[in-house]
Structure formats: C-alpha cells, structure tokens
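Asks: A structural model of the following input is requested.
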Amino acid sequence: MFKKVSPYIGEYKKYTVLAAVLMCIGIVASILPYFFIYQLLRPLTRGEDLEIKYAVLRIVYILISEVVYGVLYTQGLIYSHISAYNTLKNLRTSLQRKLENQPLGNIMDIGTGRLKKVFIDDIEQIELLLAHAIPEGIANIFIPVLIIVLMFFFNWKLGLLALVPIVVGLLAMGMMMKAGLAKMKDYYEAASKMNNTIIEYINGMEVVKVFNKDGDSYKRFGDTVRNYRDFTIAWFKVCWPWMATYSSVLPCLVLLILPVGSLMVLSGAIPLYKLILVMCMSFAVGPSFLKALNFAGKFPQLDFKINELEKLLEHPPLKAGTEDFKGDNLNVEYKNVHFSYKDAEVLHGISLDLRQGETTALVGESGSGKSTLAKLLVHYYDLDGGSISIGGQDITDMSLYALNEKVAYVAQEQFLFNTTIYDNILLGKPDATREEVLEAVARAQCNEFLDRLPDGIDTAVGDGGKMLSGGERQRVALARAILKNAPIIVLDEATAFMDPENEEKMNAAIDEIIRGKTVIVIAHRLSTIKNADKICVLKEGSLIASGTHSDLLETSEEYAKLWNASVSASTWKIRD
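Replies: Got it, this is the predicted structure:
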C-alpha cells in the first residue's frame, strides 16, 4: 500500500520518517514509568526501607517521561499530518488530471456518487495510513517487540507465558481479516450504489414531485440504503466476535504471567522481583501492541480502496496529442467513423465533409446519432474506427487545448457554475475585458432578463444555474461561445428552451455569430435549419442522405417525413 501511495508523497516523505522516529522515542518515554514503578516496588519485595528521596526521584522521572511522551508524540503527529494531507492533495490533483483526460462516457458511467465517494471519502481514509498507521504503527510495534525480547532475557519461561495472549490475539485478528475480506467487495459496491442513488434522488426531486413518483423513487432510495445497511451489519457481525477476542486478550499479557508466575515464586523457581519486573513490562507492552494491531486491521480496507482508486481510472485516456493546430484550413472531415457506447455500435462508418464558412445541419429521429456525431468533433470520446480531421489534421494529433481553441460547443443543457453570470460567461475567454463580456451579453440577447435581476450580470446563478430558466441558461451559454469566438461552432439543440417571443431574436443573434464560420447545427425544429448550406440526414447511426433543403424534399423520403412532422408540430395549438 505504501508503495502505491509513496509516489504522491514527494518531498514530504521526510516528515513521515521524522514522525516515526519521534513517536518511537515517545513510546520509549511512555514505557519508562513502568520501570520506575518497578524500582519503587523492588525494595518493598526485599524487605528494604523505601527512602523518601529515592521515591520522589522516581515519581519525578515518571512525570518527566509522561511530559516527554506527550511532547514527542504530539510533534510526531503534527509532522505525520503535514505529510498526509499534502499527499492527499497530490493524490486528488493527480486523479483530477487523469479524470480530465478520460472519455466523458466513462466518467458518466462511473456516476457522480461514486466519484464523490472516491475523491472525498476513500482518499480521506488514506490519511489513516499516512498520518497514523505508518508512523504510529511502527512505533507501537517496534518498542513492544523489543520489550518482549527483554522479557525472555530476564526469564524465558515468563516470556513464553507473555506470548500466549499475543498468539491468541493474532489468530483472532487473522480470522477477522479473512472473514471480512470475503464480504468487503459487496460492502463497497453497496456503498457506491447507495451514493449514486442518493445523488440521483436529490437531483431528480423536481421530476419526482411533478409526476407523483415519490413512491417509486423513494422505494429505490430506501432499497439501496437498506441494502447498504444489511451488508454493513452482515460484515460487522462476522468481524465483531473476532474483534472482541483480540481486543480483550491482547492488552492482558498478565493473563498467564500472574497466576503461573505466582506459583513459580511460591515454589522458589523465580524471585518475586523478577515476576514484578516482567508484569510491569507486560503492562507497558499491552496497550501499544493493541494500538498497532488495530491499525493492521485497517490495512485490508485501505488496500481495497487504493485498488479501487487505480481501477476507477484504468480506462485508457483520450488519444490526445501535444501539437498545436497546424491545419491548412477550417474544413472538417469525418472519414468512415465508427463509434460504440459500451458494446453497442451507434455510428456505422459515417463519412462527411463540412466546408469552411458553411453551415451543416444534422437531422434525424431521436437516437439516430446526431449529438454523438457532434460530440465526437470536440473529442468527448475516442473513435472505434475512422478519423476526424480539421484542415487535414487529425484531432487526436492535437492537444485538447488546441482543439478547444478552435471549436465552441453549445449544448441543449449547459452547465453553469455556482458563481455570477459574469464569471460563467468569462470562461469563454478568461482574459476578456468587461466591455467584451458585455458586448457578448448583448449579442446573445441576455440583457432582456439581466435587467430584471437584482445585481444584473453580477447575479449568482445558484447550484448548476438553478436560479435561471432553461432559456436563460442557454443564452448565457451562447454568450460564453460568442466571447470565445472560435472559428468552428457546434450548436446542439442550442435553442431548445427558447420561448417563441425570443426565438426570433436568438436566431438573428446566432446568424450573426456564425457568419463566416464552420458550423454544425442540430435543431428539433427543422424550420430553423432549412437555409443551411448542407443538411445531413441520419437514421439509426448511418448517413442516408445529404443536400440542401429543397433537394432533400424531392430525393429523401426520410427527410420529407421529418419535415412534414415538424411543420405539423408547429401548427399545434390548444383549443378554447
């Protein structure tokens, strides 16, 4: 485990070593009082007088030892926590970088609940390994072992008696770990499923309430919570008897030393002072030994969590290069593109040319592959086959930064961070002036709703942009894309939430924005894309026709059907 984590410790490894050294010295100091107690008792066992000065000095030594133990052990914990939390920071940062390079589909399959558990809960548990188990474990096991060796030096028979509870305790711990490991995988899977379900339940609360699905949704919620409870209790039930055994036996090294040793003293086999010395030593060993082995019981859990961390992001990263954009122009070419979600292929050998400065519309029924085709251009996923290029340069040869500089993607559902509208728009061009942001706001037709907000553009949008309507969020996203001013624009249902009063203004703004740029547009209302330079018709993951609106009405039965359905839908109204 330490080997897996050590690459993330870096320069802070010295703090872990220093912590272990200080704690070892501290443990020695904590054990010395038992020897001073023995020195206080030894004269009494020999019938000698106990001098006041002698006794006072031993009491002072005990107090000094306790102070030294407290100072050194505390300082050791400070150093171990400095090392631990800097390591956790490095670990989270490294995982974040790996996560950024993962295909979006892989991230969505993992689920936000499991990601939250890994990045917050599971990584936090590694603090136990770094801040406690390693430095404290080393100190609390090394010194007791040394004392047990000394017991054998004073009297090997008493030393053997001291080993019996240790052996029993170790066997009990071994049984606990063996039984616990068998159920650990199921326990963590249940915890992960519960996290995902809770987050889904909270995020979908509005839909649940509107459609009166409280019962169904709460049943799923309750089932996963109960499932987690059942696995946890089942796991603990297996572990508890063994835990109770070693917790009660390990601290009691005098379990056999006291009765058997007393008989040995009575029989004259050993002097009384030796029995008292070994008993004092056993009292010093028990608590430290138990503390060390309690950490050992955590190791299987930590090992499992570290393995889960590694497995979480074992999916190959996106095939991104390091080159800047070197294309000859801004033409986009899809060449024999194949793509699958898990094991189901959804795009079947699509080839498509998008000319610079032209608008290409993708149309088709739901599930035909329109959005997937658009997302592949911004490299949300790797292809199973074929290639996508810009100006003749394969997008996998470009760095993600270079690709993102050339392409702006505006989706139906745009995520807004829990900050101000201004800051959300500024993401499109972080070095933009306020005047540039305000110009983008005006061009995206945002002023109409900004004027109603208490702080205008400096109003906080809430978690995920919940303070704004769907149409307002889309306009903010459009303003972000306008500010970015990328030469290639992907509009994936970008006006889906527009109300009829503002749709005309929005379409005018989009016409202005896309002028002279390479554009891919997906729209559910075909009337908005009938003037596109080229319309591509997709069906079940295949490109079945392409051309202008007028050409396709004559040559493509599928397009004509889609157009007629769109026209019919636009005339729907509710009768009085």
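
Asks: care to break this structure down by domain?
Replies: 2-312, 332-570 (automatic domain parsing).

Asks: and the ones you listed, which one is worst for confidence?
Replies: Lowest mean pLDDT within the domains of the chain: domain 2-312, a mean of 79.

Asks: from the chain's centre, how far out does that one sit?
Replies: 25 Å (C-alpha atoms, centre = their mean, to the nearest Å).

Asks: residue ranges of the helices in the stretch 351-500 of the chain, please?
Replies: Using DSSP state H, counting those that start in this stretch, the helices found in the stretch 351-500 of the chain span residues 370-377, 400-406, 421-426, 434-443, 447-450, 470-484, 500-514.

Asks: Take those and write them to CSV, including mean neighbour count.
Replies: Heads up, the C-betas are built off the backbone N, CA and C, glycines and all. Formatted as CSV, these follow (neighbours: other C-beta atoms under 10 Å):
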stretch, mean neighbour count
helix 370-377, 21
helix 400-406, 17
helix 421-426, 23
helix 434-443, 17
helix 447-450, 16
helix 470-484, 24
helix 500-514, 15
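
Asks: Just put these in TSV and tack on distance to Ser282.
Replies: Listed next are the helices of the stretch 351-500 of the chain as TSV, based on distance: least, C-beta to C-beta, whole Å:
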stretch	distance to Ser282
helix 370-377	68
helix 400-406	63
helix 421-426	64
helix 434-443	73
helix 447-450	76
helix 470-484	69
helix 500-514	81
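
Asks: Indicate which one of these is closest to Glu493.
Replies: Minimum separation from Glu493 across these (C-beta to C-beta) falls at helix 370-377, 7.8 Å.

Asks: contacts for the closest one?
Replies: Outside helix 370-377, the residues within contact range by C-beta atoms under 8 Å, 6 or more residues apart in numbering are 104, 332, 334, 337, 339, 346-347, 350, 352, 362-364, 381, 383, 388, 395, 407, 409, 411, 488, 490, 492-493, 520, 522, 538.

Asks: quick one on the thing from earlier: select, out of the helices of the stretch 351-500 of the chain, the one closest to Asp49.
Replies: helix 421-426 (81.4 Å).

Asks: dump the residue contacts of the residue nearest the centre of the chain.
Replies: Central residue of the chain (C-alpha atoms, centre = their mean): Phe119, 2.8 Å from the mean position. By C-beta under 8 Å, 6+ apart, the contact list for Phe119 reads Arg92, Leu95, Gln96.

Asks: Just the buried subset of these, please.
Replies: Buried by 16 or more other C-beta atoms under 10 Å: Arg92, Leu95, out of the contacts of Phe119.

Asks: could I get the contacts of Phe119 as TSV with secondary structure and distance to Ile31?
Replies: What follows is those, written out as TSV (DSSP: H, G, I helix; E, B strand; the rest coil; distance: C-beta to C-beta, whole Å):
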residue	secondary structure	distance to Ile31
Arg92	helix	38
Leu95	helix	41
Gln96	helix	44
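
Asks: Which single one of the contacts of Phe119 is nearest to Ser80?
Replies: Distance to Ser80, by C-beta to C-beta, is smallest for Arg92 among the contacts of Phe119, at 18.6 Å.

Asks: Verify the stated contact: the closest one with Ile126.
Replies: No: in this structure Arg92 lies outside contact range of Ile126 using C-beta atoms under 8 Å: 10.2 Å.

Asks: Return every residue with contacts to both of these two.
Replies: With C-beta under 8 Å, 6+ apart, Arg92 and Ile126 have no common neighbours.

Asks: Ramachandran coordinates for the closest residue to Met467 other than its chain neighbours?
Replies: Take Met467 and drop its neighbours on the chain: the residue closest to it by C-beta to C-beta, 6 or more residues apart in numbering is Val461, 5.1 Å away. Phi and psi for Val461, reported as degrees, to the nearest 10, are phi -90, psi -10.

Asks: Burial check on Val461, number of neighbours?
Replies: Applying other C-beta atoms under 10 Å, we find 21 residues neighbouring Val461.

Asks: got it, and Val490?
Replies: 25.

Asks: ok, back up a step: could you redo the domains of the chain as CSV and give each row distance to Gly321?
Replies: Formatted as CSV, the domains of the chain follow (distance: least, C-beta to C-beta, whole Å):
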stretch, distance to Gly321
domain 2-312, 12
domain 332-570, 4
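
Asks: Using CSV, lay out the contacts of Phe119 together with distance to Leu553.
Replies: Shown next, in CSV, are the contacts of Phe119 (distance: C-beta to C-beta, whole Å):
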residue, distance to Leu553
Arg92, 55
Leu95, 52
Gln96, 50
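
Asks: Tell me if I'm right that Thr548 and Lys534 touch.
Replies: Yes: with contact defined as C-beta under 8 Å, Thr548 counts as touching Lys534 (7.0 Å).

Asks: Which one of those two is surrounded by more residues?
Replies: Neighbours per residue (other C-beta under 10 Å) separate Thr548 from Lys534, with Lys534 holding more: 19 against 13.

Asks: ok, now how distant is that one from Tyr188?
Replies: 51 Å (C-beta to C-beta, to the nearest Å).

Asks: what's the burial count for Thr322?
Replies: The tally of other residues near Thr322 (other C-beta under 10 Å) stands at 10.

Asks: Leu400 is in contact with that one, correct?
Replies: No: with contact defined as C-beta under 8 Å, Thr322 does not reach Leu400; the gap is 9.9 Å.

Asks: In a helix, Ile350, correct?
Replies: No: Ile350 is assigned strand when assessed by DSSP: H, G, I helix; E, B strand; the rest coil, not a helix.

Asks: Three-state assignment for Leu258, please.
Replies: Put simply, Leu258 is helix when judged by three-state DSSP.

Asks: what pairs with Val521 across the strands?
Replies: Taking DSSP bridges, one finds Ala361, Leu491 as the beta-bridge partners of Val521.

Asks: Run through the residues that contact it.
Replies: Contact partners of Val521, counting by C-beta under 8 Å, 6+ apart, are Thr359, Thr360, Ala361, Leu362, Val490, Leu491, Ala494, Ile529, Ala532.

Asks: Mind putting the residues you listed into a markdown table with distance to Pro135?
Replies: Below are these laid out as a markdown table (distance: C-beta to C-beta, whole Å):
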| residue | distance to Pro135 |
| --- | --- |
| Thr359 | 64 |
| Thr360 | 62 |
| Ala361 | 64 |
| Leu362 | 59 |
| Val490 | 53 |
| Leu491 | 57 |
| Ala494 | 56 |
| Ile529 | 65 |
| Ala532 | 66 |
